[in-house]
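Enquirer: Provide a 3D model corresponding to the input given below.
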Amino acid sequence: MIMKAAISNKAHPEYGQTTIPFPIPDSDYDHIIALLEGMGIGSPTAQDCRVDELDGPYPILNRLVSQSVNVDELDHLAKRLASFCQGEDTQFEAMASKLGLSDIKDFINLTSCCQQATVITDFSKLERVGKAHSLTVNGGSMPSDEYDKVDGRAVALDLIRRGIGAVTPYGVVYDNGMKLEAIYDGRHFPEYYYQASLMAVEIKSGPNRETTGCLYLPCPDKQIQRTLARAGIGPQGFQMKIILDELPPQVSAVVSAARDGLDDLNKLCRAIEPLDTAQREKLEATVLLAHPTYASEVRQLAENLDQFDFVPKSVSPKAAGQVTELGYVAYHGSLALEELMGDDLTELHQEMGEWHNGATRGKGFVQQ
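Expert: The predicted model follows:
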């Protein structure tokens, strides 16, 4: 957790107040959104959540207090801040102070470029200051032999003597030509990997099929709905493209953005996420045995792994079993394999390619 925010409905203070941790844990996301909706706020697109208090390690963000923000914007900002390396927090606050930022959109955009700034907080360590500045203006990295040759004290003194720094409560900051670019346009969050995901899906919509959002699976169900709402998804549906696939190889060979709906991909990733390495290998073997066609069928296998026996790299033939390239696997459930995999297969076939509940299970096309 990076911060906690006390949120209320500005138009209806009588609806009360709730305190939310940011970033919002996936396990709490749906509940928190439902709680906000019960207070008449929490829109996917509107800035309708009044920040009454903000508790966290970034004093500069207190400028958001008394403002109304979008809850997903605050969540995205917290995720960006949570990934900061040592020193980036100072760069962020110093540049926000220098630029006089107070809007959450600007704060989000600053997280992508504040690393270009140099901040001096201790003038007694000029050698360290100069070397750090040299790294910063070289994009954060240098060949070790070049770095060793840097006269840090001389570099720092030259920087100071030029008198281009701005004094802030967080140190003297030099922007080094940094420009605050609108990477976040106020509607569509830029691609950003906050934590390990099994799959990332790029959403495209509109007449030109431009990228309008990304989803990192598995994710909360309401996050899918809200991402599509932010993307302005209409009755014509959307296109999606898998841009990251960390599924087990045999599973990955089955799933397809052209055949599987977004809901089904999410449910599959949710079923696989808790499996350990051995269980994932067992799942791959069951895939080779059962020959599923859709993500929903693979999910059924993942959720019913206890109905299969698996011996890695075994070549001993047994009744009702099969030796695969991964080992011996046998099914001992009471249903036929087709029935086991097909609890929702009829529904899937009926809805494939059709709009369903805000396009969460609609047609998807992979664009090469």
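
Enquirer: Show me the strands in the stretch 101-250 of the chain, by range?
Expert: Secondary structure of the stretch 101-250 of the chain (DSSP state E, counting those that start in this stretch): strands at 118-120, 166-168, 171-174, 199-205, 210-217, 239-245.

Enquirer: Could I get the average pLDDT for the second one?
Expert: For strand 166-168, mean pLDDT rounds to 97.

Enquirer: Buried ones in stretch 22-37, by neighbour count?
Expert: Neighbour-count burial for stretch 22-37, with 16 or more other Cβ atoms under 10 Å as criterion, is recorded at 22-24, 29, 32-33, 36. The way it works is simple: take the backbone N, C-alpha and C, and place the C-beta from them, glycine included.

Enquirer: Of all the strands of the stretch 101-250 of the chain, which one comes closest to Met1?
Expert: strand 210-217 (18.9 Å; Cβ to Cβ).

Enquirer: which secondary structure elements does that closest one contact?
Expert: The helices and strands touching strand 210-217, judged by 3 or more Cβ pairs under 8 Å, 6 or more residues apart in numbering; DSSP states H and E, are strand 199-205, helix 221-230, helix 262-272.

Enquirer: So which bits of that strand are buried?
Expert: For strand 210-217, burial by neighbour count (16+ other Cβ under 10 Å) applies to 211-217.

Enquirer: Check stretch 193-208 too.
Expert: Neighbour-count burial for stretch 193-208, with 16+ other Cβ under 10 Å as criterion, is recorded at 197-205.

Enquirer: what do you get for stretch 35-47?
Expert: In stretch 35-47, counting by 16+ other Cβ under 10 Å, buried: 36, 39, 41-44, 47.

Enquirer: Ok, stretch 283-298 next?
Expert: Within stretch 283-298, the residues scored as buried using 16+ other Cβ under 10 Å are 283-290, 292, 294-298.

Enquirer: what distance separates the start and the end of it?
Expert: The first residue of stretch 283-298 is 8 Å away from its last residue (Cα to Cα, to the nearest Å).

Enquirer: roughly how far is that stretch from the heart of the chain?
Expert: 27 Å (Cα atoms, centre = their mean, to the nearest Å).

Enquirer: and the helices and strands packed on strand 210-217, which is most packed in?
Expert: helix 262-272 (a mean of 24; mean count of other Cβ atoms under 10 Å).

Enquirer: Farthest-apart pair in the buried residues of stretch 193-208, please.
Expert: Within these, Leu198 and Ser205 form the most distant pair, 23.4 Å apart (Cβ to Cβ).

Enquirer: ok, which pair from the buried residues of stretch 22-37 is furthest apart?
Expert: Going by Cβ to Cβ, the pair spanning these furthest: Pro23 and Leu36, at 15.5 Å.

Enquirer: so where's the chain shaky on pLDDT?
Expert: Scanning the chain with the threshold set as pLDDT under 70 gives 206-211, 234-236, 314-321, 343-368.

Enquirer: Can you show me the helices along it?
Expert: Ranges of helices within the chain are 26-38, 71-82, 88-99, 104-110, 126-137, 144-149, 152-161, 221-230, 249-252, 262-272, 277-290, 295-303, 337-341, 345-351, based on DSSP state H.

Enquirer: Please tabulate those helices in JSON lines, including the columns distance to Phe189.
Expert: Shown next, in JSON lines, are the helices of the chain (distance: least, Cβ to Cβ, whole Å):
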{"stretch": "helix 26-38", "distance to Phe189": "15"}
{"stretch": "helix 71-82", "distance to Phe189": "5"}
{"stretch": "helix 88-99", "distance to Phe189": "18"}
{"stretch": "helix 104-110", "distance to Phe189": "8"}
{"stretch": "helix 126-137", "distance to Phe189": "26"}
{"stretch": "helix 144-149", "distance to Phe189": "35"}
{"stretch": "helix 152-161", "distance to Phe189": "35"}
{"stretch": "helix 221-230", "distance to Phe189": "8"}
{"stretch": "helix 249-252", "distance to Phe189": "26"}
{"stretch": "helix 262-272", "distance to Phe189": "17"}
{"stretch": "helix 277-290", "distance to Phe189": "30"}
{"stretch": "helix 295-303", "distance to Phe189": "25"}
{"stretch": "helix 337-341", "distance to Phe189": "35"}
{"stretch": "helix 345-351", "distance to Phe189": "28"}
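
Enquirer: just to revisit the earlier point, closest one of the buried residues of stretch 35-47 to Ala96?
Expert: When the buried residues of stretch 35-47 are compared for distance to Ala96 (Cβ to Cβ), Gln47 wins out at 18.8 Å.

Enquirer: who touches that closest one in this structure?
Expert: Taking Cβ atoms under 8 Å, 6 or more residues apart in numbering as the criterion, Gln47 is in contact with 67-70, 73, 104.

Enquirer: ok, now with 6 Å
Expert: Contacts for Gln47 (Cβ atoms under 6 Å, 6 or more residues apart in numbering) come out as 68-70.

Enquirer: and which of those residues is nearest to Thr168?
Expert: Nearest to Thr168 among the contacts of Gln47, counting by Cβ to Cβ, is Val69 at 23.3 Å.

Enquirer: OK, contacts around that closest one?
Expert: Val69 is in contact with 47, 49, 104, counting by Cβ under 6 Å, 6+ apart.
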